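Enquirer: Sequence first, then the predicted structure:
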Amino acid sequence: MSPSPTGLAPLVGTTDFDAELGRLLDTLTAAQLYDIETACVERQRAHYGRRLVDALRHRTREVVADRETDSRWPVVGVVFGTCEWENGWFWETTGQVRHLDGTRSIVDLDFDDVSGLLADLSGTERLCGGERLRIDLRTGDVTVS
């Protein structure tokens with residue numbers, strides 16, 4: 001009998017975890033494995049998205065205070081495009097920010113926390129160029145279009 005997923009919780013962080021997880025995964029069909037992969041990627045995407053919203057709320061306040069934008073009004077949204085590197089497509093670190101007064105500014109947001117989270121979030125998408133990552137800083141919504 002294979003362990004249940006809840007039965008694995010006490011094993012996390014132990015040397016037995018990989019073996020137990022492997023035994024559990026070996027009992028699943030290809031469709032079930034695909035469903036697990038999809039659920040894991042969705043959780044990663046949501047995790048990185050929440051952290052990115054928090055980081056952008058902080059960083060956009062800083063760039064407005066440092067007068068790096070075309071408006072003094074708070075930033076309410078950010079849009080990032082894609083760029084291609086040797087190892088694939090990633091979200092750019094320069095974004096178009098939208099201020100509460102409707103003004104739009106192009107801002108370099110290449111800060112460690114923001115750029116790292118954008119790279120992590122890129123790994124949860126199958127980017128091929130031309131996509132837009134839209135972050136609503138009021139609602140916390142993170143969407144790809």
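Expert: Thanks, I have it.
Enquirer: for S105, helix, strand, or coil?
Expert: strand (DSSP: H, G, I helix; E, B strand; the rest coil).
Enquirer: Who does it form a beta bridge with?
Expert: With DSSP bridges as the criterion, S105 is bridged to V97.
Enquirer: Tell me the spacing between it and D18.
Expert: Look at S105 and D18: by Cβ to Cβ, to the nearest Å, they are 48 Å apart. Using the backbone N, CA and C atoms, a C-beta is placed for each residue, glycine as well.
Enquirer: Looking at those two, which has the bigger crowd around it?
Expert: Neighbour count, other Cβ atoms under 10 Å: between S105 and D18, S105 has more, with 17 against 10.
Enquirer: So the more buried one is in contact with R72, correct?
Expert: No. Counting by Cβ atoms under 8 Å, S105 stays clear of R72, with 10.8 Å between them.
Enquirer: List the buried residues in the longest helix seen in the chain.
Expert: The longest helix of the chain (DSSP state H) is helix 30-65. Residues of helix 30-65 classed as buried by neighbour count (16 or more other Cβ atoms under 10 Å): 45, 48-49, 51-53, 55-57, 59-60, 63-64.
Enquirer: got the angle for the following helix or strand past it vs helix 30-65?
Expert: Going down the chain from helix 30-65, the next helix or strand is strand 75-85, by DSSP states H and E. Counting by axes from the mean of the first three to the mean of the last three Cα atoms, to 10 degrees, strand 75-85 lies at 120 degrees to helix 30-65.
Enquirer: Give the other helices and strands that strand 75-85 contacts.
Expert: Strand 75-85 sits against helix 30-65, strand 88-99, strand 133-136, with contacts defined as 3 or more Cβ pairs under 8 Å, 6 or more residues apart in numbering; DSSP states H and E.
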